[in-house]
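Trainee: Turn this into a structure:
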Amino acid sequence: MREEASKIALEVNSILREYLAVQNGLFKFSFKKALGLVKPDPSSASASVVPLIDRLEVVRRDIKELSPQSDTAEGRFLIALRGYAKAMSSAMISFQELCSKLEEGSKDRSYRKKSYPEDMRQFQLKEAEYLEIGLRLNDLKKDLSSDSEK
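Mentor: Okay, here's the model as predicted:
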C-alpha cells in the first residue's frame with residue numbers, strides 16, 4: 001500500500017478510537033455513574049465529536065484526491081474506506097442528535113421511557129452501517145496484504 005493510503009487508514013483508525021472513547025465516556029457502565037458520583041455529560045460528548053467529523057471529511061477528500069480505481073486491491077480498499085468514513089460520520093451525527101435529546105431529556109424524565117428506546121435503536125442502526133463496512137475493510141486489508149507479499 002502506498003504511504004499516502006497507509007497514512008489515511010491510520011488516521012481513520014485514530015478517529016475511530018477517539019470516537020469510541022467519547023461513546024464509552026457517555027454510555028459505558030461505571031459504579032461512579034451508578035452511584036451518582038459522576039454524571040454523564042451529553043453536551044460535552046456531542047461537542048467532542050465535532051472535530052472528529054471534520055477530520056473524517058478531510059479523510060474523504062484525501063481519498064478522493066488519490067483517485068482510487070476499483071481494478072486494484074488498494075483502490076478497492078480506499079473506496080471502501082471512503083464509504084466507511086462517510087458511514088462513521090453519519091453515525092457521529094446521529095450520536096450528536098442522541099446527545100442533544102439526552103440533554104433535553106434530563107429535564108423531562110418521560111423521555112427515557114417514551115422516545116429514548118427508539119432513538120437509541122436508530123443510533124445503533126447507524127453504528128451497524130459503519131461496522132459492517134469495517135468488516136469488509138478488514139477483508140480488503142487482508143487481500144491487500146497478501147497481494148503485497150507476492
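
Trainee: Sketch out the low-pLDDT regions of this protein for me.
Mentor: Along the chain, the model assigns pLDDT under 70 to residues 1, 147-150.

Trainee: all helices for it, in order.
Mentor: 3-27, 31-34, 42-66, 73-105, 110-114, 116-149 (DSSP state H).

Trainee: Most tightly packed of the ones you listed?
Mentor: Among the helices of the chain, helix 73-105 has the highest mean neighbour count (mean count of other Cβ atoms under 10 Å), at a mean of 20. (Glycine included, C-beta is placed from N, CA and C.)

Trainee: helices and strands around it, which ones?
Mentor: Using 3 or more Cβ pairs under 8 Å, 6 or more residues apart in numbering; DSSP states H and E, the elements in contact with helix 73-105 are helix 3-27, helix 42-66, helix 110-114, helix 116-149.

Trainee: and it, how far from the chain's centre?
Mentor: Taking Cα atoms, centre = their mean, to the nearest Å, one finds helix 73-105 lying 5 Å from the centre of the chain it belongs to.

Trainee: That one to helix 3-27, inter-axis angle?
Mentor: With axes from the mean of the first three to the mean of the last three Cα atoms, to 10 degrees as the basis, helix 73-105 and helix 3-27 are set at 20 degrees to each other.
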